[in-house]
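In: output the structure for:
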Amino acid sequence: MKPEARHVGVFDSGVGGLSVLRALRAELPGVRFTYLADSLHAPYGERGADWVAKRSQAIVQWLRQVHRIDALVVACNTATALAIDGLRTTHADLPIVGVEPAIKPAAELSTSGHVGVLATRGTLGSERYRALRQRLEAAAGRPLHIHDQPCDGLAGAIERDDAEAIERLGRQHVATVREATPALDTLVLGCTHYPFATEVLQRAAGPGVRLVDTGEAVARRTRQVLQLDAALHGQLPPAESVLLTTGEPEALTAAARRWLGWHGEARRVVVPDSR
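Out: Now for the predicted structure:
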């Protein structure tokens, strides 16, 4: 990538992708990021595969036309699972990085071989996730037990910053995993919203269970794709970033201030559907 080509678009169904943006800004301070939360349509994990694929295409086309991005990070597990292959075909000239449940590093970290995956139904039901899991299980040199747990409602509760619902749903979903997998020692946060409920999920899982998410790995992969030197780029001054939402800007602004220490204001935009 050319030195001046340092504008990366990042999108998620809502505020959850801020967990990825946080890691991206730490890894690549000299890159300008335009973050789009499609909060008007969140969460994606409870929508159909065709809808997610079409909506993702509309968002990327809009980011390219309006904001002239040089690269893209799909900071949504569901959109990655259901749409990234199509995006890479349609936008073959655009470097695209996605996020996937971190089941491989979780399996490597697990002592017992019992791993839980918290994710949306859209992610867990996708062919991409099934293939990822099958490859991992086939390559494992020991018995590996993976329990998939669809976390209905949790992403939406985090999106709304509904503390009572986050606590209730977090405990409920983790308890289901613990009951199904008593030897559990590693738990994958398979939705970019879930790192913002880490305290709740860790309390529910207990001190003997390690939580694993993908933000830092995605940031490192983005730097590699952009062909940026880590040492050199780490010395650059922080670049300006922009927060956009199709929903209420106050909600995204508040989330960014709470989780990223953001000092700016989010702006509402309209992203038309593909025709």
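In: OK, contacts around Glu100?
Out: Asn77, Thr80, Ala81, Arg128, Tyr129, Leu132, Thr214 (Cβ atoms under 8 Å, 6 or more residues apart in numbering). To be clear about C-beta, it is placed using only N, CA and C from the backbone, and glycine gets the same treatment.
In: any regions of the stretch 151-275 of the chain where pLDDT drops low?
Out: By pLDDT under 70, the weakly predicted segments of the stretch 151-275 of the chain are 229-238, 275.
In: assess the claim that Arg220 and Glu27 are in contact.
Out: Yes. If you go by Cβ atoms under 8 Å, Arg220 and Glu27 touch, sitting 6.3 Å apart.
In: the more surrounded of the two?
Out: Shown here are Arg220 and Glu27; by other Cβ atoms under 10 Å, Glu27 has more neighbours (20 against 15).
In: what's the helix or strand for Asp273?
Out: Following DSSP states H and E, one finds Asp273 outside all helices and strands.
In: once you drop chain neighbours, what's closest to it?
Out: Once flanking residues are discounted, Asp273 sits nearest to Ala58: 5.2 Å by Cβ to Cβ, 6 or more residues apart in numbering.
In: secondary structure element for that neighbour?
Out: For Ala58, the host element (DSSP H and E) is helix 49-67.
In: quick check: next helix or strand after that helix?
Out: Downstream of helix 49-67, the first helix or strand assigned by DSSP H and E is strand 71-74.
In: give the other helices and strands that that next one contacts.
Out: If contacts are counted by 3 or more Cβ pairs under 8 Å, 6 or more residues apart in numbering; DSSP states H and E, strand 71-74 sits against strand 7-12, helix 49-67, helix 77-90, strand 96-98, helix 215-225.
In: may I have that strand as CSV, with CA atoms only?
Out: Output in CSV follows, covering the C-alpha atoms of strand 71-74 (Å, rounded to 0.1, in the frame of the first residue of the first chain):
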residue,chain,number,x,y,z
ALA,A,71,-9.1,-0.6,3.0
LEU,A,72,-11.9,-2.2,5.1
VAL,A,73,-12.2,-4.0,8.4
VAL,A,74,-15.5,-5.9,8.8
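In: who does it pair up with?
Out: Using DSSP bridges, the strands paired with strand 71-74 are strand 7-12 (parallel), strand 96-98 (parallel).
In: does the most centrally placed residue in the chain sit in a helix, a strand or a coil?
Out: Centroid-nearest residue in the chain, with Cα atoms, centre = their mean: Thr192, separated by 3.3 Å. Recorded secondary structure, Thr192: coil (DSSP: H, G, I helix; E, B strand; the rest coil).
In: distance of it relative to Ala102?
Out: Look at Thr192 and Ala102: by Cβ to Cβ, to the nearest Å, they are 11 Å apart.
In: repeat for Phe33
Out: 22 Å.
In: with Val212 instead?
Out: For Val212 relative to Ala102 (Cβ to Cβ), the value is 5 Å.
In: overlap in contacts, the two.
Out: Val188, Leu189.
In: which stretches in the chain count as helices?
Out: Secondary structure of the chain (DSSP state H): helices located at 18-27, 49-67, 77-90, 103-109, 121-124, 127-139, 154-160, 163-180, 198-205, 215-225, 230-233, 249-260.
In: what residues does the second one touch?
Out: Outside of helix 49-67, the residues within contact range by Cβ under 8 Å, 6+ apart are 7, 9, 11, 34, 36, 38, 41, 44, 69, 72, 74, 78-79, 82-84, 86-87, 90-91, 94, 122, 126, 242, 271-274.
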